[in-house]
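Chemist: Provided below are the primary sequence and the corresponding predicted coordinates.
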Amino acid sequence: MTTAERYDVVVVGAGPAGSLAARAAASGGARTLLVDQRAELGQPVQCGEFLPAPEELADIFPFPDVIRAAYEIPSGSVLRETNSMSCIAPGGRRYRFPLRGFSVARRSFDKALALHAEGAGAELRFPSGVTRVRGGSVTMASGAAIEAKVVVGADGPLSTVARGAGFAPARQLYRMITASSVGEFPPEIDLFFGSVAPGGYAWTIPKAGAANVGLGVTRLSRGATLGRLLDRFVRSLGLPPAEDPTCWWVPIGAPPGSAVRGCALFVGDAANLVMATNGGGIPTAMISGWDAGQVAAEHVREGVPLAEYDRRWKEHLFRPLARGHRLKRLGDRVASTDALLDFGMRYIGASGLDAMMRLRWPGRLGGNS
Ligand SMILES: Cc1cc2nc3c(=O)[nH]c(=O)nc-3n(C[C@H](O)[C@H](O)[C@H](O)COP(=O)(O)OP(=O)(O)OC[C@H]3O[C@@H](n4cnc5c(N)ncnc54)[C@H](O)[C@@H]3O)c2cc1C
């Protein structure tokens, strides 16, 4: 019989959520293991690779100190700075508003964050998949067993840790496809709404000499595929065929009432912590990861109850995320056709769309509680 390795904290998944959790746990003195099933972190790219600037993020989640600590954008991963976003209605009308941000390369972004966790003292292992979690017992694909006082589920929307712990937040998965298209693009994020991407949007996000192009949908009509929709979208913009398409999911369901089950803490996509109106989940993954890692270390060091994690992430993220989810649901109900979307977007205008992207009600539609 082989004996199990023992750690204070095992973090499953070295995406942005897991790397921040591992960094915070190791910095807090916990003996921490960070594992990922991928052979290369950040690869394949399943992301639009856009990040808002920290001050824009603080406008949505007003905790500048947390953002300063957790929301690190490694400079080597930045490809372009952007300064505005445009929402383009089905009829072609463009609504533009200022938004400072960056396009990054997830391949270097994810690697850099994992290396920073390692630099803080976490042990990093990949490719190293987890097949089963029961309480603090973690079984690796190799068959090896690991025992942990705390397990952090940072393994994305199809989380194995969540299955093992009986954590089942209300999942609502956006189907997404992303690819790259060669060309010169202005420093602006373009989001195209309507039947181009039913229930979601299509995008171009400028990179160096190329753009990340893709789309996310909540529904597909009979015979439609993500690949065909993307081809049609790219052709409609006169761009060359998109290269390296990959498909994945974004969980846009409501944020959970609790992200703690027994000795497991859930972060990022595994906990549904995505901004539903804009589909962005990296910043919230990093903040929730940071909160979870800190609490895990305090639990190991001083016996702080793990429920403290719920208190922290909810303070930092819950209200805007829940509001974003309500806004998205209302938008889907009201603007169900291209004509209604054209009308709705004209009615709320650029400032209303700007508000919605920031998880706020458009001024014309009411309050922001
Ligand atoms: C097409 C697309 C475009 C997007 N565009 C943007 C964008 O522009 N900006 C933005 O902010 N967000 C965007 N998102 C959302 C964003 O990618 C996610 O919200 C974010 O990556 C969540 O981070 P995470 O660390 O929780 O999960 P992930 O980044 O998914 O990381 C999970 C990690 O867990 C690992 N893992 C999974 N299962 C196991 C296992 N059993 N054992 C070991 N390891 C495991 C995976 O290999 C992976 O590395 C997009 C998503 C998609 C699909």
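Modeler: Nice, thanks for sending it over.
Chemist: Now the phi/psi pair for the spatially most central residue of the chain, please.
Modeler: What sits nearest the mean C-alpha location of the chain, by C-alpha atoms, centre = their mean, is Gly281, with 2.0 Å. Gly281 adopts backbone torsions of phi -140, psi 0, taken as degrees, to the nearest 10.
Chemist: Does it touch Leu273 like I think?
Modeler: Yes - counting by C-beta atoms under 8 Å, Gly281 touches Leu273, with 6.8 Å between them. C-beta: built from backbone N, CA, C; applies to glycine.
Chemist: Find residues that contact each of the two.
Modeler: Shared contacts of Gly281 and Leu273, defined by C-beta atoms under 8 Å, 6 or more residues apart in numbering, are absent.
Chemist: how near is Trp248 to the ligand?
Modeler: Trp248 sits 4 Å away from the ligand when distances are taken as C-beta to the nearest ligand atom, to the nearest Å.
Chemist: Flag every residue of the stretch 251-369 of the chain that's near the ligand.
Modeler: Residues of the stretch 251-369 of the chain lying close to the ligand by C-beta under 6 Å from any ligand atom are Gly268, Asp269, Ala270, Val274, Gly279, Gly280, Gly281, Ile282, Ala285.
Chemist: name the element Ser86 belongs to?
Modeler: Here Ser86 sits within strand 78-88, counting by DSSP states H and E.
Chemist: ok, for Val232, nearest residue in space, not its chain neighbours?
Modeler: Not quite, residue 232 is Arg, not Val. Val196 (7.6 Å; C-beta to C-beta, 6 or more residues apart in numbering).
Chemist: count of neighbours near that neighbour?
Modeler: 19 (other C-beta atoms under 10 Å).
Chemist: That one against Asp231, yeah?
Modeler: No - if you go by C-beta under 8 Å, Val196 and Asp231 don't touch, sitting 11.7 Å apart.
Chemist: before we move on, the earlier item: please tell me how far the strand holding Ser86 is from the chain's geometric centre.
Modeler: 18 Å (C-alpha atoms, centre = their mean, to the nearest Å).
Chemist: Could you check it and say which residues are buried?
Modeler: Val78, Leu79, Arg80, Thr82, Met85, Ser86, Cys87, Ile88 (16 or more other C-beta atoms under 10 Å).
Chemist: Can you name the two of the residues you listed that sit furthest apart?
Modeler: Val78 and Ile88 (25.2 Å; C-beta to C-beta).
Chemist: who's in contact with Ile88?
Modeler: Arg94, Tyr95, Asp190, Leu191, Phe192, Phe193.
Chemist: Any idea what it is bridged to?
Modeler: Per DSSP bridges, the residues bridged to Ile88 are Arg94, Phe192.
Chemist: let's number from 55 now, not from 1
Modeler: Understood, numbering begins at 55; the last thing we discussed is Ile142.
Chemist: and Arg276, what pLDDT?
Modeler: Arg276 is assigned 86 on the pLDDT scale.
Chemist: ok so it is a strand residue?
Modeler: No - under DSSP: H, G, I helix; E, B strand; the rest coil, Arg276 falls outside any strand and is assigned coil.
Chemist: Report how many residues lie close to it.
Modeler: Counted with other C-beta under 10 Å, Arg276 comes out at 4.
Chemist: likewise Pro241?
Modeler: 13.
Chemist: Low-confidence stretches in the chain?
Modeler: 55-56, 418-423 (pLDDT under 70).
Chemist: chain center to stretch 176-184, what's the gap?
Modeler: 21 Å.
Chemist: again but with stretch 141-154, I slipped
Modeler: With C-alpha atoms, centre = their mean, you get 23 Å for stretch 141-154.
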